[in-house]
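Engineer: predicted coordinates and the sequence they were generated for:
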Amino acid sequence: MNALIVLAFTLLVAGPAWAQQRPAPTETRPATKVDPRGILRAMEEAFSAVADRVTPAVVHVSTVPKKAPPGSAEESPERFREFFGEEFYERYFRRRPREDARATGSGVLVDPKGYILTNNHVIENAQDIIVRLSDQRKFTARLVGRDPKTDLAVLKVDAPAALPVAELGDSDQLRVGQWAIAIGNPFGLDRTVTVGIISATARTRVGVTQYDNFIQTDASINPGNSGGPLLNIDGKVIGINTAIVAAGQGIGFSIPINQARDVMQQLITRGRVVRGWLGIAIQDVTDQLSGSFGVKERGGVLVAEVMKGSPAEAAGLKAGDVVVELGGAPVKEVPDLQRRVAAFKPGQTMKLTVIREKKPVAVTVKIGEMPSDETAAAEAPEADEWGLSVEALTGDAALRLDLGVTRGLLVTDVQPGSAAEKAGLKRGDVILELGRKPIDDPANLYRALGALKPGESVLIYVHRIGGAGSGGNQYIVMERRRP
């Protein structure tokens, strides 16, 4: 009995074996303290270092525009009284003060010899270009070349010594969420620095240039920032700021520096940009069209027209073909195909895969050179054939019209009994699109009309300002008369 009591007492004191084998509690270590002020100071120092290093390379660009031709909309807003009536004239012209004729923007020095990268729209139609550096030195700049299709231009200033420059980065390596720093002259406030992030890359269909491929950022960009640099946290230029969404906040767009670098090099060496050319009119494959051509929506690009004598015609491409691959890589939308074809050098060959009558067909095309705007203008037919006179709607006239768009063709005259009048065009109309494509060059309009065969027609998208029931946007059809 005594032995049993002793055993029970021993078990009670010692406890069960599993209890004796439990590990000792982990020793609690004091948490490492993070000083938020240190992190903020490091960020502050990084931003300040970028501003200190790059600001001397950012220039203020001001221009004096050429005088408008006598009788043009830009030269004489009184003409709009006749087009749109007294009420419209009073609202959009007499009540608005005349803006300063001097335009301003930004630019960035990219070569110690004095080469400056900026936007085409900053210096477009400039008679004189003045560049002011951060040390207040002023230079008269020479236009080396410009490329409206990407909204880029290169200027040159001659200085007695090497100028400060910004280092160019690699926009192909950008990731959404990275820091973005913009430096420019918004509203004439010199060397303003703003900070944000990269919101998106490869933005297309923004409607700013023919080759939209933008970096989107929420770093504040305002009028006057155009042509200035967008930078990464290392102070390298990753884009050229060019546009904003006026109705939104924190939505700005920059041209990727890799694209800008290529355009700049061509403008410096050639004075123009050479691009590859197929000679086709193309459109996206919508859900409504996909079934008819045997592809999925956004499963390729539809060939709407093949131009006579073009590389596409020589290769056997046909209207109704759907381009689904270029060089083995898929093609999904119009901007994608446009950019990739333009990147080819004239004389190179490219392999396409098209869907023709719902079957894949391989096509090899020898790339041609895209015709210049000057060539197109020289080949444009006379306006008298159509009884239609137009002029580009840009600058002050576009702003005063307050159409919500800044580009198009203003119809300045329609001859009685002409094809234009028969189509329904009127003086004061603004032609926004031709054949479902934006248009803002009179030469391109006349060239497209001249390419029509007798009896053929083209769809025109028009904005009309007028009284009740007569305003708004509408489609009309222009037909070439038979002999």
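Structural biologist: Structure's in. What do you need? Residues are numbered from 1 along each chain as shown.

Engineer: going by C-alpha atoms from here, please, whenever you check contacts or count neighbours.
Structural biologist: Will do.

Engineer: is the closest residue to residue 327 other than its chain neighbours bridged to anything, and to what?
Structural biologist: Residue nearest to residue 327 in three dimensions, not counting chain neighbours: residue 351, with 5.2 Å by Cα to Cα, 6 or more residues apart in numbering. In this entry, residue 351 is beta-bridged to residue 364, by DSSP bridges.

Engineer: please tell me how far residue 351 sits from residue 361.
Structural biologist: 11 Å (Cα to Cα, to the nearest Å).

Engineer: again with residue 200
Structural biologist: Relative to residue 361, residue 200 is positioned 35 Å away (Cα to Cα).

Engineer: burial measure for the residue nearest to residue 327, as a count.
Structural biologist: 14 (other Cα atoms under 10 Å).

Engineer: begin at 46, not 1, for the rest of this chat.
Structural biologist: Sure, I'll start counting at 46 from here, so that last one is residue 396.

Engineer: ok, it touching residue 369?
Structural biologist: No - under the criterion of Cα atoms under 8 Å, residue 396 is not in contact with residue 369, lying 11.0 Å apart.

Engineer: distance from the chain centre to the longest helix along the chain, please.
Structural biologist: Within the chain, and with DSSP state H defining each element, the longest helix by residue count is helix 81-99. Offset of helix 81-99 from its chain centre (Cα atoms, centre = their mean, to the nearest Å): 31 Å.

Engineer: show the subsequent helix or strand relative to that helix.
Structural biologist: Next helix or strand after helix 81-99 toward the C-terminus (DSSP states H and E): strand 103-110.

Engineer: how about the strands in the stretch 296-445 of the chain?
Structural biologist: 297-301, 321-322, 325-329, 346-351, 367-371, 374-375, 394-401, 404-411, 413-414, 433-437 (DSSP state E, counting those that start in this stretch).

Engineer: helices or strands up against the third one?
Structural biologist: So the one you mean is strand 325-329. strand 346-351, helix 379-387 (3 or more Cα pairs under 8 Å, 6 or more residues apart in numbering; DSSP states H and E).

Engineer: give me the buried positions along the shortest one.
Structural biologist: Going by neighbour count (16 or more other Cα atoms under 10 Å), the buried part of strand 346-351 is 346-348, 350-351.

Engineer: of the residues you listed, closest to residue 523?
Structural biologist: residue 350 (17.5 Å; Cα to Cα).

Engineer: ok, back up a step: which among the helices and strands packed on strand 325-329 is found nearest to residue 486?
Structural biologist: Nearest of those (Cα to Cα): helix 379-387, 19.1 Å.

Engineer: for the closest one, packing partners?
Structural biologist: Using 3+ Cα pairs under 8 Å, 6+ apart, helix 379-387 sits against strand 321-322, strand 325-329.

Engineer: and among the ones you listed, the most buried is which?
Structural biologist: Compared across the helices and strands packed on helix 379-387, strand 321-322 shows the largest average neighbour count, a mean of 22 (mean count of other Cα atoms under 10 Å).

Engineer: for residue 359, give its distance to residue 150.
Structural biologist: With Cα to Cα as the criterion, residue 359 and residue 150 are 45 Å apart.

Engineer: these two: who's more crowded?
Structural biologist: Taking other Cα under 10 Å, residue 359 and residue 150 do not tie; residue 150 has more neighbours (27 against 14).

Engineer: my read: that one touches residue 271, true?
Structural biologist: Yes - with contact defined as Cα under 8 Å, residue 150 reaches residue 271; the gap is 5.5 Å.

Engineer: can you pull the residues that touch both of the two?
Structural biologist: 167, 229 (Cα atoms under 8 Å, 6 or more residues apart in numbering).

Engineer: returning to what we had before: need the helices and strands packed on helix 379-387 in TSV (columns: mean pLDDT and distance to residue 472).
Structural biologist: Putting these into TSV (pLDDT from 0 to 100; distance: least, Cα to Cα, whole Å) gives the following:
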stretch	mean pLDDT	distance to residue 472
strand 321-322	92	35
strand 325-329	86	29
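
Engineer: out of these, nearest to residue 284?
Structural biologist: strand 321-322 (23.5 Å).

Engineer: now do the closest one: which elements does it pack against?
Structural biologist: Looks like strand 321-322 contacts helix 379-387, strand 413-414 (3+ Cα pairs under 8 Å, 6+ apart).

Engineer: parallel or antiparallel, list what pairs with the last one.
Structural biologist: It refers to strand 413-414. Sheet pairing for strand 413-414, using DSSP bridges, gives strand 321-322 (antiparallel).

Engineer: residue 250 is nearest to which of the helices and strands packed on helix 379-387?
Structural biologist: Of the helices and strands packed on helix 379-387, nearest to residue 250 by Cα to Cα is strand 325-329, at 11.9 Å.

Engineer: before I go, just wanted to say thanks for your time.
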